[in-house]
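> no sequence on this one, just coordinates:
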C-alpha cells in the first residue's frame, strides 16, 4: 500500500476524523488521513504511492502513478467531457493526477445530455428485432459467427458506444475519487492498455453495460451472448495498483436480462479483467459485488508464460457468480480475502477461484462464508493443468482443504504444488478469522478520507 501506511485493517489502524478547518485546508491539495497508531501523520491520497513489498505491483520500479504531477497536470473532474480532457492522449506519459468528484455517467455527450442505446444505434441500420431474425439458429445455423448486414450494423453501433464510454488511461496516471462525493463512473470502462504505472482508487464502478451484445452460436454447446466492456480492463499493462474501489452491476442486475435463442442476453462483461500478458498488478481493499464474470486473469490458454503476476488481498467478493478470479498461466497470490457466496440479487455461485492453463496460484488465509445449500467442492475449479497451493483458508470459521474437496468430486484434478514462493506480502495476516468483521469496514470505495 502507500508510503507511510495506508492499510485500513482495523486491527492495525483506524482513520481518525480531522477538524473541519483541516478538511477545508485539504480540499484541492489532497485528502487528510490520520493514523491513530502513528499520531497525527497526514497523508495526501492523491500523491500516495504503493508501499514496498505490497504485492506484485511493488516489484521492480514499483507503482507511483501520477505522484510527480505538477499543478498543470492535476485535474478535478465531474463530467465525462472533463474526464476525457484530463486523460488527454494515451501517448502522453507526463505524470498526471485526476480527481473525480461525484459520479460520472459515461453515457452522456459533451454537453452532458444523456445518451441511450437508441442514440448509438441511430444511423447504423441496427435493430435488435432484425438482428434476432437474421441470426435465429433455426435458419442461420450454429456453425459460424454472424456476418452480413445486421452484424455489420451491430458492430457499427457498438463502435459508437465504445467511443463514448471507453476512457483510455495514459502511463504515469493516478485516478482517485474525491472523498465524500460518492465518486465513481457508471456505464463506463477504464482502459489501461500498453501502459505502465497506473493507480486507481476510491471509485465506484457501476453497470458497465453493452447496448449491443454479439450472438456467438459456437460459444459452448448452445451459444452465448457476449459483451464488450469491463468496468476496468488491463491489457498488456504493467505496474497497476487498484485500491479501495467498489464494482457492481447495481442499476441493472442480470436478473432483469432478457433471453434470446435460449440464452441470457448478457450486457455485462468483467468487473476488473487483467489480460493480454499484463503484469505486476496489486488489487487490494476492493469490493466486487453483484456480478457474473467478475475477474479474468489471462484472456487465453495460449498466453505466453512469464507474465500475469498478480496479487489480490483484503478484497470482498460478495454475490458474484464466477471468476473471483479465473486465472491462467501466471503466478497469482490470493490472500486475506473474504468471500460471501450466498446468492444475492439473483447471482448464484458457480465457483470462486479457477486455476487453468498451468496457472500457479497461492491461496492463503482467506475466509469463505458458505450457506448450507452450497457444496464446498464448488469453491475451487480447474481444467486439470492449473495449481492452487496454500493454507489457512477458512470455511465458516473452520480450516478447510478446498483443493482436496474439489479433487474428491472431480476427475480433472487441481495440482497442489506451485513453482514459486510469494515474498511481496506486506500486510499478510496469519489468520483469516477476523476478515469478515474487518473488511466490511475497511474495503471498497468511500472508506478513504
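Sure thing, it's come through. Note that the structure is predicted; figures quoted are calculated from it, not measured.

> Mind listing the residues bridging to residue 388?
The partner list for residue 388 in beta bridges (DSSP bridges) reads residue 361.

> excluding its backbone neighbours, what's nearest the most centrally placed residue in the chain?
With distances taken as CA atoms, centre = their mean, the residue of the chain nearest its centroid is residue 272 (2.2 Å). Nearest non-adjacent residue to residue 272, counting by CB to CB, 6 or more residues apart in numbering: residue 232, 4.6 Å away. C-beta coordinates here come from the backbone N, C-alpha and C atoms, glycine included.

> and that neighbour, how far is that from residue 84?
17 Å (CB to CB, to the nearest Å).

> of those two, who's got more company?
Under the neighbour definition other CB atoms under 10 Å, residue 232 and residue 84 were set side by side, and residue 232 has more, 30 against 16.

> which ones are touching the more buried one?
For residue 232, the contacting residues are 189-190, 192, 200, 205, 242, 245, 247, 271-273, by CB atoms under 8 Å, 6 or more residues apart in numbering.

> And residue 71, how close does it get to residue 191?
Per CB to CB, residue 71 is found 26 Å from residue 191.

> between the two, who's got more neighbours?
Neighbour count, other CB under 10 Å: between residue 71 and residue 191, residue 191 has more, with 21 against 6.

> State the three-state secondary structure for residue 381.
With DSSP: H, G, I helix; E, B strand; the rest coil as the basis, residue 381 sits in strand.

> Could you give the bridge partners of it?
When bridges are called by DSSP bridges, residue 381 pairs up with residue 354.

> Wait, it touches residue 361, no?
No - using CB atoms under 8 Å, residue 381 makes no contact with residue 361, being 11.3 Å away.

> Please enumerate the shared neighbours of those two.
Taking CB under 8 Å, 6+ apart as the contact rule, residue 381 and residue 361 both touch 353, 355.

> worst-scoring helix or strand of this protein, pLDDT-wise?
Using mean pLDDT, DSSP states H and E, the weakest-scoring helix or strand in the chain turns out to be helix 20-26, at a mean of 33.

> Can you name the next helix or strand after the lengthiest helix in the chain?
What stands out as the longest helix in the chain, according to DSSP state H, is helix 149-165. Going down the chain from helix 149-165, the next helix or strand is strand 166-168, by DSSP states H and E.

> Strand partners (parallel or antiparallel) of that following strand?
strand 189-193 (parallel).

> Quick check: which ranges of the protein have low pLDDT?
Confidence mapping of the chain against pLDDT under 70 gives the ranges 1-42.

> So which bits of the longest helix of the chain are buried?
Of all the residues in helix 149-165, those buried under the rule 16 or more other CB atoms under 10 Å are 150-151, 153-158, 160-162, 164-165.

> Then stretch 413-421?
For stretch 413-421, burial by neighbour count (16+ other CB under 10 Å) applies to 414-415, 418.

> first to last residue in that stretch, what's the distance?
Taking CA to CA, to the nearest Å, stretch 413-421 runs 21 Å from one end to the other.

> Repeat that for stretch 317-331.
End-to-end distance for stretch 317-331: 20 Å, by CA to CA.

> which residues does residue 266 contact?
213, 224-227, 254, 257, 292.

> again, only this time at 10 Å
Contacts here follow CB atoms under 10 Å, 6 or more residues apart in numbering; on that basis residue 266 touches 210, 213, 224-227, 254, 257, 292-293.

> Can you list the buried residues in stretch 90-100?
Buried residues in stretch 90-100 (16+ other CB under 10 Å): 90, 94-100.

> Near residue 133, how many other residues are there?
12.

> which other helices and strands contact the helix or strand harbouring it?
Element membership of residue 133, judged by DSSP H and E, is helix 128-134. Helix 128-134 makes packing contacts with helix 137-140, helix 149-165, strand 214-216, strand 259-260 when contacts are defined by 3 or more CB pairs under 10 Å, 6 or more residues apart in numbering; DSSP states H and E.

> and the second one with strand 189-193, angle?
Orientation check (axes from the mean of the first three to the mean of the last three CA atoms, to 10 degrees): helix 149-165 against strand 189-193 gives 90 degrees.

> Show me what helix 149-165 is packed up against.
If contacts are counted by 3+ CB pairs under 10 Å, 6+ apart, helix 149-165 sits against helix 80-87, helix 117-121, helix 128-134, strand 189-193, strand 214-216.

> now swap in the last one and tell me
Using 3+ CB pairs under 10 Å, 6+ apart as the contact definition, the elements that strand 259-260 packs against are helix 128-134.

> neighbour count winner among residue 381 and residue 361?
Legend: neighbour count by other CB under 10 Å for residue 381 and residue 361, higher for residue 361 (29 against 22).

> How about the contacts made by that one?
Taking CB under 10 Å, 6+ apart, we find residue 361 in contact with 297, 310, 312, 325, 327, 330-334, 353-355, 380, 382, 386-390, 403, 414-415, 418.

> about what we covered before: generate a markdown table for the contacts of residue 266, with neighbour count, secondary structure and distance to residue 46 as supplementary columns.
Listed next are these as a markdown table, based on neighbours: other CB atoms under 10 Å; DSSP: H, G, I helix; E, B strand; the rest coil; distance: CB to CB, whole Å:
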| residue | neighbour count | secondary structure | distance to residue 46 |
| --- | --- | --- | --- |
| 210 | 22 | coil | 32 |
| 213 | 24 | coil | 37 |
| 224 | 17 | strand | 41 |
| 225 | 20 | strand | 40 |
| 226 | 14 | strand | 37 |
| 227 | 20 | coil | 33 |
| 254 | 18 | helix | 35 |
| 257 | 18 | coil | 38 |
| 292 | 21 | strand | 33 |
| 293 | 21 | strand | 32 |
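
> quick one: which of those is nearest to residue 57?
Lowest distance from residue 57 to the contacts of residue 266 (CB to CB) belongs to residue 293, with 23.0 Å.

> Could you check how far the residue lying closest to the closest one once chain neighbours are set aside is from residue 441?
Excluding the flanking residues, the one nearest residue 293 by CB to CB, 6+ apart is residue 323, at 5.0 Å. Going from residue 323 to residue 441 by CB to CB gives 26 Å.

> now residue 313
16 Å.

> More neighbours: these two, which one.
A direct count of neighbours by other CB under 10 Å for residue 313 and residue 441 places residue 313 higher, at 25 against 12.

> nearest to residue 344, of the helices and strands packed on helix 149-165?
Of all these, it is strand 189-193 that lies closest to residue 344, at 24.0 Å by CB to CB.

> sorry, back to before: just grab the bridge partners of the residue nearest to residue 272 for me.
residue 190, residue 272.

> Roughly how far does the closest residue to residue 214 other than its chain neighbours sit from residue 311?
In space, and not counting its chain neighbours, residue 214 is closest to residue 226: 5.4 Å by CB to CB, 6+ apart. According to CB to CB, residue 226 and residue 311 sit 29 Å apart.

> hmm, back to that, surely the residue nearest to residue 293 meets residue 275?
No - contact criterion CB atoms under 10 Å: residue 323 and residue 275 do not qualify, at 11.7 Å.

> The two: who's more crowded?
Between residue 323 and residue 275, residue 323 has the larger neighbour count (other CB under 10 Å), namely 26 against 21.

> No more questions from me, cheers.
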